[in-house]
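Asks: below is the sequence, then the predicted model.
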Amino acid sequence: MPLNLTSVMLNTYRFLWESRGDLWAYALLPVVLVALVKTLSFWGLAGLETFFDPQPLPAPDPSDPQSAIPVLKLGAVTILNMGVSLVAYALFAVAWHRRFLVGNEGQTVGAAMRWGRRQSRFILRFLGLIVIVALVGSLVSIPVAVIGTSVPIVGLLAFFAIFIVVGHVYGRFLLVLPAAAMDDPIGFGESAKLTTGRSWLMFGIGILPPVPVLLAMVIVLGPLSDALAGLIGPSVSLLLVLILVEQTFTFAGVAAGVTALSIAYHEIGATPAST
């Protein structure tokens, strides 16, 4: 099939279904790792109520140093979970890119999920991509904020334009991620050249493949959380179960995004897979 968003989406979910056994094996470690850290951090630092019944935290009182403790605890939980999620994402994404582009490589899942130079390179490129997107978004949003203050309707349309611009920049540079997993020296400039004329395609590949999985997560997780919380009440065990379900859906969505990006990387004509 020609490379278009429809074929990418169809082939993505076909591959995930055909490889569902490997998907579960590869995702098990990152799902459990993130779930355990998130559960323990909410239980030990932020408190169960911040998950089951989140409320806006009052602003710290400068005259009372103790009033800043809840904010600091929640900040520590957020940073810890973001860091662990980033590591888990890199482990899984590199392994799953290679699962699609190379195959099983004759190694165990444990070997495929081992941290090494590829994962470090992947994280650096991912963070570089985020920095570039953030800078572009900030530069474009400055005049938009000025316009939106005086003309609200124009400002609303301009903010939509920011989303399009940032999404296109994100999409044009996405090939650096599978390239990092494949030991391919493609950088941001080369990725932009390879995706010339494919801005809308890469924009769609960058945001749409995980959407069905994430919608399913919203449909399942909300009612499940309400039903179980009402039945047995908030508890550490319930928190762990809900976060395990949440992370299972999350990494299934990550797998969809990684698979779609691997398809684009392969079809656009990037360098041959390494072994």
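Replies: On my side now, so go ahead.

Asks: chain center to stretch 192-206, what's the gap?
Replies: On the basis of Cα atoms, centre = their mean, to the nearest Å, stretch 192-206 sits 19 Å off its chain's mean C-alpha point.

Asks: what does stretch 128-147 give?
Replies: 20 Å.

Asks: residues of it that come out buried?
Replies: For stretch 128-147, the neighbour count (16 or more other Cβ atoms under 10 Å) marks 129, 132-133, 136-137, 140-141, 144 as buried. Where C-beta positions appear, they are placed from N, C-alpha and C, glycine not excepted.

Asks: next: stretch 6-17.
Replies: In stretch 6-17, residues buried by neighbour count (16+ other Cβ under 10 Å) are 8-9, 11-13, 15-16.

Asks: now these as TSV including secondary structure?
Replies: Output for those, formatted as TSV (DSSP: H, G, I helix; E, B strand; the rest coil):
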residue	secondary structure
Val8	helix
Met9	helix
Asn11	helix
Thr12	helix
Tyr13	helix
Phe15	helix
Leu16	helix
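
Asks: nearest to Phe100, out of these: which one, please.
Replies: Phe100 lies nearest to Phe15 out of the buried residues of stretch 6-17, by Cβ to Cβ, at 6.6 Å.

Asks: hmm, who's touching stretch 180-196?
Replies: 93-94, 97-98, 101-102, 118, 121-122, 124-125, 128-129, 132, 171-176, 178-179, 201-202, 265, 268-271, 273-274 (Cβ atoms under 8 Å, 6 or more residues apart in numbering).

Asks: which other helices and strands does the host helix or strand of Leu242 contact?
Replies: Assigned by DSSP states H and E, Leu242 falls within helix 236-268. Using 3 or more Cβ pairs under 8 Å, 6 or more residues apart in numbering; DSSP states H and E, the elements in contact with helix 236-268 are helix 5-18, helix 20-41, helix 69-101, helix 176-181, helix 199-207, helix 211-232.

Asks: okay, these, which one's buried deepest?
Replies: Stretch with highest mean neighbour count among the helices and strands packed on helix 236-268: helix 176-181 (a mean of 26; mean count of other Cβ atoms under 10 Å).
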